[in-house]
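Novice: Show me the folded form of this:
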Amino acid sequence: MTHIATLVLDSEGLSAWMAQDRKTAALFKALEISGGDLVVSANTIIEVSHGGTSMARLNWALSRTKIEPVTEQSAKAAAKLLKQAGLHGHKYAIDATVAETALRQPPPVAVLTSDADDLRKLCGPRVKVIRL
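Specialist: Just a heads-up that it's a prediction; the model follows:
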């Protein structure tokens, strides 16, 4: 794995970690060894929470991550990313907050996602996108 200082998780990345997916666990172990940070946008917590979510497992995962708030400033920056990427609507809103969160982190930064195409459009070349 290329050195990554910060790994941002979208809902699928966080879900894979909570489910103890082997590939994801290996990625996180490498990040931990290199001293990198795990980050989630506060919106990701909402997206990953549903009736089948183990709140104990979610809280365990979140205790090991840096949770970035969604503020008025970050929401406006995410809306700008959507416009620049030619995307709009609720389908892309949380992806935009994940992208905005990633772009605020110290490089080199990557996003772990199942929405690789959308995140590449939103983040551009500054963020490495790792597909689940």
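
Novice: looking at the chain, which helix or strand is least sure?
Specialist: None of the helices or strands of the chain scores lower by mean pLDDT, DSSP states H and E than helix 22-34, at a mean of 87.

Novice: Which elements pack onto that one?
Specialist: Packed against helix 22-34 by the contact rule (3 or more CB pairs under 8 Å, 6 or more residues apart in numbering; DSSP states H and E) you find strand 6-9, helix 11-18, strand 37-41. C-beta: built from backbone N, CA, C; applies to glycine.

Novice: can you give me the helices for this protein?
Specialist: Remark: helices assigned in the chain by DSSP state H are 11-18, 22-34, 42-48, 55-62, 72-85, 90-103, 116-123.

Novice: quick one on the thing from earlier: which outside residues touch the least confident helix or strand of the chain?
Specialist: Residues from elsewhere that reach helix 22-34, judged by CB atoms under 8 Å, 6 or more residues apart in numbering: Met1, His3, Ile4, Leu7, Gly13, Ala16, Trp17, Asp37, Leu38, Leu112, Ile130, Leu132.

Novice: Pull out the buried members of those.
Specialist: Ile4, Leu7, Gly13, Ala16, Trp17, Asp37, Leu38, Leu112, Ile130, Leu132 (16 or more other CB atoms under 10 Å).

Novice: ok, the last one - contacts?
Specialist: Contacts of Leu132 were listed using CB under 8 Å, 6+ apart, and they are Glu12, Gly13, Ala16, Asp21, Lys23, Thr24, Leu112, Thr113, Ser114.

Novice: Low-confidence bits of the chain, can you list those?
Specialist: 1-2 (pLDDT under 70).

Novice: quick one, which residue of it lies the farthest from its center?
Specialist: In terms of distance from the mean C-alpha position of the chain, Gly51 ranks first, at 21.4 Å (CA atoms, centre = their mean).
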